[in-house]
Every structure is written in structure tokens, then in C-alpha cells.
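J.: Here you go, sequence then predicted model.
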Number of protein chains: 2
Amino acid sequence: MSSTDIRALAQAARAASRALASATGDQKHAALEAMAVGLLGGGEPILAANQEDVAAARAAGQAAAFLDRLTLTPSRLAAMARGLRQIAELPDPVGEVTGMWRRPNGLQVGRMRVPLGVIGFIYESRPNVTADAAGLCLKSGNAVILRGGAEALRSNLAIAEVLARAVASAGLPAAALTVVPTPDRAKVKELLALHGLIDLIIPRGGEEFIQMVRETSQIPVIAHDKGLCHTYVDAGADLGMAAAIALNAKVERPGVCNAMETLLVHTEVAPALLPALVAQLAQAGVEVRGCPETRGLVPSIRPATEADWDTEYLDLTLSVRVVPSFEEALAHIARHGSGLAEAIVTADHGRAMRFLREVDAGAVFVNASTRFTDGFEFGMGAEMGISTQKLHARGPMGLRELTCEKFIVLGDGHVRHSQK
Amino acid sequence: MSSTDIRALAQAARAASRALASATGDQKHAALEAMAVGLLGGGEPILAANQEDVAAARAAGQAAAFLDRLTLTPSRLAAMARGLRQIAELPDPVGEVTGMWRRPNGLQVGRMRVPLGVIGFIYESRPNVTADAAGLCLKSGNAVILRGGAEALRSNLAIAEVLARAVASAGLPAAALTVVPTPDRAKVKELLALHGLIDLIIPRGGEEFIQMVRETSQIPVIAHDKGLCHTYVDAGADLGMAAAIALNAKVERPGVCNAMETLLVHTEVAPALLPALVAQLAQAGVEVRGCPETRGLVPSIRPATEADWDTEYLDLTLSVRVVPSFEEALAHIARHGSGLAEAIVTADHGRAMRFLREVDAGAVFVNASTRFTDGFEFGMGAEMGISTQKLHARGPMGLRELTCEKFIVLGDGHVRHSQK
């Protein structure tokens, strides 16, 4: 595929985005329903393409967890269809007037929610994400260019063919969604240069990849970056609750960005909490690394190094630090947190409120596990990812985050008079 | 000033931003009041520094309009102080909870408005902007690094000294605002590399400068770019209203981004509107350039070339095109508009609503002049600029646009259970 083809693909998406922007909620609902029906009825070629992807990935020596994420089954296709139907049922964000006020001169000024236009989405080798992203972008009135992991290319092309046909059958442009039809990595850089045709790039992936996208892109980027999440157990906390939350945040699914990497414990409660909790964690297969004070209480664990406080393990490993005060916990989080999610376990109302206000992260929790950081768990429907930056979207990105607000102004012949 | 100094300056701003983020509304109000009092009482050194700037700019051969924007007088200082007091009276955006809902499992999820952190603001040689920007950033809990035009450097340093002293007198960090103390252009590029210390760059300036910032910055950018604004006069419009709005949008202040550059007129009303309107425009000193149909009605004007439809004159020049339909007006705007502000003059409700929904711009007007595109006119108080992009902020940027929303989650020991 030549470089003109990538541009042509983006131009087709741009043209489609104009039709999508003025599509009604009913039209989009019908398209999403047709997409779900398409996946349920037309699964054979998708599963066949997926088997080829899985075989190639297995031959290339990919790990079992990778192969599991890559594999589609009839029940996973059914879950993708259910996801599309859930998106169909969400309220249409487009056209919402989020506020309107009257100026002293009688001018009415308001804000109206509108689609962004064309979204470039770069993600890992999980073909189910292709359907989620296509559904969210369509519902929010955007066209999307999908660039999943190379290992899932055959699956993604097969899924996109079914979905695009369904969109067209509902009277909307098939170019509403397009999979970049090549595994060539150079095409990602070409995509990132299409300022003016693409409005937003959403990359998911490792730190190095995100860094490359940030440095290369001439299009605004909202990255789904790393998650170095802390749980802080405050003096006076309910220690049963603290242990349950810490255990959940670490072991329920350690390989994801909203899992806990560092546990901070107030020195007053450390003796009562840590020996039993570390034993529970060890039993769950967690390797615990501790500060000197932690090791004073639980001598069997290995020492944490300075590098540990900045490491996203994404694994059954946890670093534990005893802190002398609430303030020191806040300072540790400010220094080492990645801004994804942070939690406090406390019984003190004032410190709960200060933690909520002062901790600088996309999601801040009181007495709950950071594992809830997720668009579905927050009640927003599916998500495109979790933004780890502050501009436009912070935390889970759902339909609203795929739109922007423009000003609308209604006058009656109003003209502006000069002021000095 | 060495490059370490720019980094040190940003580090001081970052430290100040943490104190500002947790400052109360009362503290910020007191600081803004002290800033206003400082400008009113301590104006002598500012005016003296400004006289040096103006003398140097005059010696360098700057035009009269430039010298006028650069010049400060006691009454302009008083206006700057009034501006700071107006900002003081606006509601504090920080800490606002913009929504909170309860999940089926009892978890409470909400959004809280918080400051962005440190803002880098790059602007033209208008020293009054220094006080506005310092006030808006302080009120929104952000630290700001100010980089005005080199010609205003002495004035800006003198203003910043007074303002920073006032901030400190109110118990907030003086590093809340800092003027980059050198005219060296290389320092702008150093500033744009400080990802992690600065959260947002807001540049105002010409197309070429904005392009450089976009390509160089490793920090998110919200640009105040060019404005190529249209006014479309629909079939059946009130022609008296249309003429008044067109005249206002073109001549009231032609050198600003929200002035009209192109007038589009439906062919049905062109004969009744254009001859008289072009005469009125000519009388106001406007050079009109027209499409063939316009010149058929007003033969005296010169022809518009293809380049005219893409030119932001910022001057008493206007291009006029007669269009055969509402759709063709929308298509012309989609092709040539810069996304700042667009207006329709119409008596037809359906077309007014379609224009509002379908035109892709930061501000869309029905029966009013594009000249109203301004934070103050929209009732938002002062503004940092007018965003011409879609992400995070679109249109005038006031206090709200200098903040972001984070998720806050209140539980009672909630842990997440695996789903399949």
C-alpha cells in the first residue's frame, strides 16, 4: 500500500465523518443494531481469519496470555455484539446543549456537543477492541481509522468488513470505520502526519511506543499510558477493609494499568496490618518488596530499591513503604504516581476530602479499589482507553470524551459596539 | 540566562502550582485584590519601564498601531486593575463537582474540577495581556510562565514584579507568575521541551509561529490561530439586518481574528442587497473583491481570485461571493473556514438550526455579528485567547478552560469482582 493510499483512506474517513455528524440518533441506533446482527450472523469468516492469526502468532512463539487475548470464539463474538447493543442504548451525546445563558444585550449564548471528526485509534492485538471502538466512534458521530496490533490484522479486517457492511445497510457511510490494511509499521508514522484530516490520535501501548507517538504526531494525542497506582492506608483505618482493598487492587488482575503497584501504610497501623497482609499476599503468589521499616515488621521479604518506587510491575509484585504521616503519603504519590488512579483507605473525613482534592490523578478513590478505574465500572458504557493526561479527557474515555463543545449564539440582528 | 535557568524557573512554577491548587477561593480573591491595588499604587516603575520599551520600539521603526498596543498610561493601568477585580469576582472554578452518580454496587462516582498545573503562555507585545493572563491563571489555581513579545519585556518584568509581590503579600507563592526574563527566542524552544513540568502551552500569534510551536512542542498546545470568518446572507433574510451585521463584522475592528473576511450571499437576495451594501462598505473604506456574479451586480469592484477565499486580510478588505443555495454556502464554509466563527443571517428556522448543528467552528452565530466571539462578550470574563482547535477548549478560553476534571470515587470498602 503506497503512502497516497493512507491519505486516501483518511480522506474517505473525513468525508464519512461529515455524514456521521448529522446522522440522527435513530440512524446510529439502527447501524449499531445491524453491526451486532452482523457479528452474530456473519461470524464464520471472522473466526476463520482469527484462526489464521492465532496460528501465525503461535508459530511466532507468542505467550499463552497473548494468544488468549488474540483468540475469538463464538461466545466472544456474542459478547462483542452485546457490547455494541449496550452502546446503542446509551444516550446520543451529539447535539446536547450543555448550557445556554442570556447576555444583558439579549444575545443567547450556549454550548452544543458535536463530534470531533476523524479519530485515529492505535491499539494492541485484541480483536474485540475493534468492535468496541467502532461502536463508540459511530455512536459519537465520528469516523474512525483503526490500527490494531499486526498479529490481529486478518481478524480486524474480517470484523471491519462485516461492520462496515452493516453501517452501509443502515444508510450511513461504510467509511465510518476503516482498518489500516497493512502490518507495515511505517504506516503509523504516515497516519500521525495527517494533520487536517485526522482530529485526534488515541494510542494505547507501552511507554516507549507512546513516547514515539507523542514526539512524532502532528495531530493532538490522548494517550493511554502507564499506571503506577498507590493505595495508602491511613492511621485509624479499618484494617480489615484495608487488607481487602489492597489484596483486590494487587491480585484480582495484576497485568492491567489500574492494578496497585505500591502500598503505603501509616506507621501507626503498620504493625497491626503488615505481617498478616504480607502473608495473605504471599499466599496469593505476590512477591513483596519493602522499605526498611516494612522489613523490620516482616523480615522475610526482600528490600525495595529506589527503582521499585517508579516501577510498573504489571505482575504479582508489590512494593510496600511505611510512611510517618498523611503528608508524606501525598508527597510520595506526587513524586512517583503516574496520574492514573490513587486510593486512600481512611476513617477520617477531613483526610478523605484532602486526598480527593489534592491528589493529582485521573481517578481518586476513598475506601475502594483502584481496579474500578474503567469506563464500564464508572457507568459510562464501554471505553476507548484511560487517559493519563489532563487535557480534554482524564481517566476513562467514553462517548462524551469523543466529542467537543462548540459555542452557539442566537441573536436578533445584534452588532457589537466599540468599547475603549 | 542559561538553559538550566529556564528549567529552574519551570520547577519553581511547578512547586508554586501545588500550593495554588489547594488555595481557597478567599485566598485567591485576596491575592487578586492585592494585585489590583499593586497596579494602582505602584504604577510609576511600570510606566517608566514601558516608556523605555516604547522608545526602543519607535527607534526600531514599529508602526503606529503597534506602538499604541505597546503603550501603557495611567488609565490603561487602571483598566488592568479593573480587569483583575472582575476576575476576582468570578466564581472559583476549582473544586466544583460537576456531577456525581451512584453505581448499582453503591459506589459513588463523580467529577471534580481541578487546575491543570503550570501553563506556558506565549503572546504578543501587549503588556495589558500580562495582567489578564496572570489573573486568570491565579484564579483557576494554575501557575503561569509568561512569554510576551520581546518589545514589551521591560514592561512585563515591571508588571510581574508588582503582581508577584502582591501574590506573596496574600500568602500565596510569588512564583505563581513568572516572566521569562530574556528576549532570546531560543528560550521559547527550551520552554516547549519541558514536558512533565509544564502542562499546557497557549500560543497566540501568526500562522507560521503557531505551526512552529505545534511542531516543536512536547507539551499539549491550544493555539489561538487565524480567523477566516464568513457571514452568509440567506434567501428571505431581513436585508437591513444583514447589511448591519455584515458592516459591523467587517469594519468595527478589521484587524482582529473575529472580523469577517468573506461575505456569502444567496443569489435570490443578491440584487437587492449587494449594490447598496457594497457602496456602504466602500464608504467605510473597505476594498471589496467579488465573484463574477457579484461583479455583474456591482461592476466597479475588482475580481476575487481563488486565493482570496483563503486569505485572512485582517484589514479593510472583503471578498464577496454569490451562492446558488444554502448547501453551497455550507460547502464553501467547510472548504475555506478556519473554524473560529461563522454566521448566518436568516429568517428561516430550519436553516438556522441546520447552520448551528452542521457548521464546524468554535462559535456559530444566527443573526449576530461574528465580532461577539470573545470571552467577555460571551459572559465568561476575560479570556486567554480563542482556541481554534477542537480538543479540550474550543472558542474563547476562560477560567473553565484552564481547568480539567478528574474522577472522584467514594466507596465503603468496595472491591472489584472478576467478570468473564
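T.: Sure, I can see it.
J.: Any chance you could list what contacts the helix or strand harbouring A:Met100?
T.: Using DSSP states H and E, the element containing A:Met100 is strand A:97-102. The contact list for strand A:97-102, computed with CB atoms under 8 Å, 6 or more residues apart in numbering or on different chains, reads A:Gln108, A:Val109, A:Gly110, A:Arg111, A:Met112, A:Arg113, A:Glu405, A:Ile408, B:Gly379. (Each C-beta comes from the backbone N, C-alpha and C, glycine too.)
J.: rerun at 10 Å
T.: Identification of contacts with strand A:97-102 by CB atoms under 10 Å, 6 or more residues apart in numbering or on different chains yields A:107-113, A:400, A:405, A:408-410, B:356, B:378-380.
J.: List the strands paired with it, with their directions.
T.: Note on strand A:97-102: by DSSP bridges, its sheet partners are strand A:108-115 (antiparallel).
J.: so after the partner strand, what's the next helix or strand?
T.: Per DSSP H and E, the first helix or strand lying C-terminal to strand A:108-115 is strand A:118-122.
J.: For the residue in the stretch 51-200 of chain A that chain B sits nearest to, give its distance to B:Asn258.
T.: Closest approach between the stretch 51-200 of chain A and chain B, counting by CB to the nearest CB: A:Val109, at 4.9 Å. As judged by CB to CB, to the nearest Å, A:Val109 and B:Asn258 stand 14 Å apart.
J.: Counting neighbours, what do you get for the residue of the stretch 51-200 of chain A closest to chain B?
T.: Neighbour count of A:Val109, defined by other CB atoms under 10 Å in any protein chain shown: 24.
J.: what's it in contact with, if anything?
T.: By CB under 10 Å, 6+ apart, the residues touching A:Val109 are A:99-103, A:407-411, B:363, B:365, B:368, B:372, B:377-380, B:395-396.
J.: ok, now which ones touch A:Glu312?
T.: With the criterion set at CB under 10 Å, 6+ apart, A:Glu312 makes contact with A:206-207, A:225-229, A:257, A:259, A:261-262, A:338, A:340.
J.: ditto for A:Gln51
T.: Per CB under 10 Å, 6+ apart, neighbours of A:Gln51: A:Thr71, A:Leu72, A:Arg154, A:Ser155.
J.: Then A:Ala88 would be within a strand, right?
T.: No - counting by DSSP: H, G, I helix; E, B strand; the rest coil, A:Ala88 is not found in a strand; it is helix.
J.: can you tell me the average pLDDT over the strand holding A:Met100?
T.: Taken as a whole, strand A:97-102 has an average pLDDT of 94.
J.: same question, stretch A:158-166
T.: Average pLDDT, stretch A:158-166: 97.
J.: Show me what counts as buried in the lengthiest strand in chain A.
T.: Secondary structure of chain A per DSSP state E: the longest strand is strand A:403-414. Residues A:Thr403, A:Cys404, A:Glu405, A:Lys406, A:Phe407, A:Ile408, A:Val409, A:Leu410, A:Gly411, A:His414 are the ones in strand A:403-414 that count as buried (16 or more other CB atoms under 10 Å in any protein chain shown).
J.: Of the residues you listed, which are in range of chain B?
T.: When contact is defined as CB under 10 Å from any CB of the partner chain, those meet chain B at A:Thr403, A:Cys404, A:Glu405, A:Lys406, A:Phe407, A:Ile408, A:Val409, A:Leu410, A:Gly411, A:His414.
J.: which one of the residues you listed sits closest to chain B?
T.: For these, the nearest to chain B is A:Gly411 (2.8 Å; CB to the nearest CB).
J.: How about A:Gly385: what's its closest non-neighbour residue?
T.: A:His224 (3.4 Å; CB to CB, 6 or more residues apart in numbering or on different chains).
J.: sorry, that was for A:Leu138
T.: Counting by CB to CB, 6+ apart, A:Leu138 lies nearest to A:Ala176, which is 5.6 Å off, once chain neighbours are set aside.
J.: if I look at A:Val109 and B:Asn258, which residues touch both of them?
T.: Common contacts of A:Val109 and B:Asn258, defined by CB under 10 Å, 6+ apart, comprise B:Ala363, B:Phe372, B:Glu377, B:Pro396.
J.: Out of those, which are close to chain A?
T.: B:Ala363, B:Phe372, B:Glu377, B:Pro396.
J.: Which of those fall in strands?
T.: Per DSSP E, these map to strands at B:Ala363, B:Pro396.
J.: from memory A:Glu52 sits against A:Thr71, does it?
T.: No - counting by CB atoms under 10 Å, A:Glu52 does not reach A:Thr71; the two are 11.9 Å apart.
J.: which of the two has more neighbours?
T.: Ranked by neighbour count (other CB under 10 Å), A:Glu52 and A:Thr71 place A:Thr71 first, with 18 against 13.
J.: helix or strand for the closest residue to that one other than its chain neighbours, which one?
T.: Excluding the flanking residues, the one nearest A:Thr71 by CB to CB, 6+ apart is A:Val54, at 5.4 Å. A:Val54 belongs to helix A:43-59 when assigned by DSSP H and E.
J.: do the same with A:Leu314
T.: Per DSSP H and E: nothing holds A:Leu314, as it lies in no helix or strand.
J.: Against chain B, how distant is it?
T.: Separation of A:Leu314 from chain B (CB to the nearest CB, to the nearest Å): 17 Å.
J.: And for that residue, nearest residue in space, chain neighbours not counted?
T.: What sits nearest to A:Leu314 in space, not counting adjacent residues and going by CB to CB, 6+ apart, is A:Gly255, at 5.1 Å.
J.: sorry, back to before: which of the shared contacts of A:Val109 and B:Asn258 has the largest number of neighbours?
T.: Of all those, B:Pro396 has the most neighbours under the rule other CB under 10 Å, reaching 29 neighbours.
J.: Going by proximity to chain B, name the top residue of the stretch 201-350 of chain A.
T.: Residue nearest to chain B within the stretch 201-350 of chain A (CB to the nearest CB): A:Asn248, separated by 3.6 Å.
J.: Next, the residue nearest to A:Leu138: phi, psi?
T.: Here the main-chain torsion angles of A:Ala176 (degrees, to the nearest 10) amount to phi -60, psi -30.
J.: Give me the pLDDT for it.
T.: With respect to pLDDT, A:Ala176 has a value of 98.
J.: show me what contacts it?
T.: A:12-13, A:16-17, A:19-20, A:23, A:28, A:31, A:134, A:137-138, A:141-144, A:163-164, A:167-168, A:170.
J.: can we see that at 7 Å?
T.: The contact partners of A:Ala176, by CB atoms under 7 Å, 6 or more residues apart in numbering or on different chains, come to A:Ala16, A:Leu20, A:Leu138, A:Ala143, A:Val167.
J.: what's the answer for A:Pro275, then?
T.: A:Leu297, A:Val298.
J.: Next, it: phi, psi?
T.: With angles defined as degrees, to the nearest 10, A:Pro275 shows backbone torsions of phi -60, psi -50.
J.: how much space between it and A:Leu70?
T.: Distance, A:Pro275 to A:Leu70, using CB to CB: 42 Å.
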